[in-house]
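>>> Quick check, what structure comes out for this input:
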Amino acid sequence: QLQILLDCSDGELARWKGVSSPAGVYLDRVAHWVTETLLPIALGVRADEPLLGLVIAVLVLWIKGESALVTVARAQSGLPPAADTQAVAAPRPGLLARARRALRRLPFYRAFVAVEFTLLALVASFFDDGSRVLVVALIPVAAVTVIGHLVAILVSGRLK
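Numbering: from 1, shown residues only. You can find the predicted model right below:
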């Protein structure tokens, strides 16, 4: 929660002062990666399933790495960063595009974002064995997200 508060505060302060730097962007991303990795580990420890928490953490890092590597691949190919638009992110028309539109109504991939993750953990803590159930449920969700995210990147305009 402290990281979320600091993240919101430093971003607002930078916008208010009109400053931005590569170091600031880098540190912001490092903070997100660390926080969103430590949360499933902590949940796994709470649920008495530390190995499952570590597996989820690795899958979360994999998802984040897939996104970051788009910028790296474009830069190493001499291309500018991809525009952050729906047109670039959209898959080519077909079955995958239809599936993606249908899944947009169930944003399960958001379970790995710090705010949503902490809310899920909070709700789970109200139930006997809720944290364990959440950890077990997040394994297949994370695995599907890794695969779906990779496919979404490959069939979109991000690498073109």
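>>> secondary structure element for residue 39?
Per DSSP states H and E: residue 39 is located in helix 22-46.
>>> Whatever helix or strand comes next after that helix versus helix 22-46: what angle between them?
With elements assigned by DSSP H and E, the helix or strand that comes after helix 22-46 is helix 50-76. Angle of helix 50-76 versus helix 22-46, following axes from the mean of the first three to the mean of the last three CA atoms, to 10 degrees, is 160 degrees.
>>> What are the buried residues along helix 50-76?
52-53, 55-57, 59-60, 62-64, 66, 74 (16 or more other CB atoms under 10 Å). Bear in mind the C-beta positions are built from the backbone N, C-alpha and C, glycine included.
>>> circling back: can you name the residues in contact with the helix holding residue 39?
3-4, 6-7, 10-11, 14, 50-54, 56-57, 60-61, 64, 68, 112-114, 117-118, 121, 124-125, 131, 134-135, 138 (CB atoms under 8 Å, 6 or more residues apart in numbering).
>>> burial count for the residue lying closest to residue 68 once chain neighbours are set aside?
Spatial nearest neighbour of residue 68, chain neighbours left out: residue 29 (7.8 Å); criterion: CB to CB, 6 or more residues apart in numbering. Neighbour count of residue 29, defined by other CB atoms under 10 Å: 12.
>>> what's the distance between residue 29 and residue 73?
Per CB to CB, to the nearest Å, residue 29 is found 17 Å from residue 73.
>>> roughly how far out does stretch 122-138 sit from the chain middle?
20 Å (CA atoms, centre = their mean, to the nearest Å).
>>> Can you list the neighbours in contact with that stretch?
40, 43-44, 46-49, 52-53, 56, 111-112, 120-121.
>>> which of these lies closest to residue 89?
Distance to residue 89, by CB to CB, is smallest for residue 112 among those, at 17.9 Å.
>>> Identify the residue spatially nearest to that closest one, adjacent ones excluded.
For residue 112, the closest residue by CB to CB, 6+ apart turns out to be residue 60, at 5.0 Å.
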